[in-house]
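Chemist: any chance you can model this:
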Amino acid sequence: MKLSTNYLGFKLRTPLVPSASPLSENIDNIKRMEDAGASAIVFHSLFEEQLRRDHHELHFYLEQNTEVSAEAVSFFPEPPAFQVGPEAYVEHIAKAKAAVDIPIIGSLNGATFGGWTKYARAIEQAGADALEVNIYSVPTDPDLAGEDIEESYLTILASLKAQLKIPVAVKLSPYFTNLARFARSLDRAGANALVLFNRFYQPDIELETLEISPNILLSTPMAMRLPMRWIALLHGRIGANLAATSGIHRATDALKMLMAGADVTMLCSVLLRRGIDHIRVIEREMLQWMEEHEYESVEQLKGSMSQEHCPDASAFERAQYMRALSTYPRPGRTTAPLSR
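Modeler: Residues are numbered from 1 along each chain as shown. From the prediction side, this is the model:
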């Protein structure tokens, strides 16, 4: 039974890849993920806010408390903490590369153009095998056109491709007017892979304190429907690899993503909930299902249920919407009429 797959130019032992998460902040966890069967690891992200802090930190120290007496020159206030800084991040990648044999994929998470290439090069020089670019942007300017947003993504990608020798994956949100067209543009601009999809963490309102608070909700298997649909639509239409992320908790979730056309399936929430060793469980159950259904390899599975190969090409489009509504059971009715 062959679970091997190709992603970003690497032949991976299985399609199971831990995605960016706090788990990779610890070298022991990285070793455990490799031991549990992870075929590659996407590092936790280096955030744009960290890049800004690094740029302003020296200024902060030099400007604060310049009027204190000589006896107090050793006193400096602490700058706002934001996890690990850029230099420590790069050093951590180098240590991870020395600790494991599987590919290490760095991750940059930003919202604007600038500073990307400097740290991307540093990540490459530290030994990262590839880079995942997570352009986390929620457009709020009503005067900003969709074409301008897409162009900013393409500009960042072009800049990185011109500077780096390692492969570059682009992690996207689903919020584009024509995602299929934009995916093709990224493919033509040199993206080696598209990662579908980024999950925006939505803020909440604290009623007692009247404050806006961050609210992180781990995914459930229901979250896989959206990336699965778009992977099925894009498979065979672009040359870039397709990585599925969000909502992959079980072997059946991973198998469905592969059938839709994914090259790898990325795990995060399930590992945070159930532990790193759950990678072994998913791999074992994938092998069991493939043996029972007489599949010999992941390549045989891959794309078999994409729109390109699906007998009903409309299954991933609007025509399926009416069918879904018409088959939903109504209380007290033996048959379900079409929705009004």
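
Chemist: what sits against Leu46?
Modeler: By Cβ atoms under 8 Å, 6 or more residues apart in numbering, the contact set of Leu46 is 86, 89, 106-109, 119, 123. Every C-beta, even on glycine, is put in place using the N, C-alpha and C of the backbone.

Chemist: please tell me how far it sits from Phe197.
Modeler: As judged by Cβ to Cβ, to the nearest Å, Leu46 and Phe197 stand 20 Å apart.

Chemist: likewise Gly146?
Modeler: In terms of Cβ to Cβ, Gly146 sits 17 Å off from Phe197.

Chemist: again, but for Ala191
Modeler: Ala191 is 15 Å from Phe197, by Cβ to Cβ.

Chemist: of these two, which one has the most company?
Modeler: Looking at Ala191 and Phe197 with other Cβ atoms under 10 Å, you find the greater number of neighbours at Ala191, namely 26 against 21.

Chemist: contacting residues for Lys11?
Modeler: For Lys11, the contact set (Cβ under 8 Å, 6+ apart) comprises 4-5.

Chemist: quick check: it is in a strand.
Modeler: Yes. Using DSSP: H, G, I helix; E, B strand; the rest coil, the secondary structure at Lys11 is a strand.

Chemist: and it, bridged to which residues?
Modeler: Counting by DSSP bridges, Lys11 is bridged to Asn6.

Chemist: for Pro174, phi and psi?
Modeler: Main-chain dihedrals, Pro174, degrees, to the nearest 10: phi -90, psi 0.

Chemist: I'd like to know how many residues surround it.
Modeler: When neighbours are defined as other Cβ under 10 Å, Pro174 has 15 of them.

Chemist: next one: it relative to Arg280, how far apart?
Modeler: For Pro174, the distance to Arg280 - Cβ to Cβ - is 31 Å.

Chemist: walk me through the domains of the chain.
Modeler: 5-307, 310-340 (automatic domain parsing).

Chemist: and the ones you listed, which one's lowest on average pLDDT?
Modeler: Note on the domains of the chain: domain 310-340 shows the lowest mean pLDDT, a mean of 61.

Chemist: most neighbours of all the contacts of Leu46, which one?
Modeler: Neighbours here mean other Cβ under 10 Å. Within the contacts of Leu46, the largest count is held by Gly106, at 29 neighbours.
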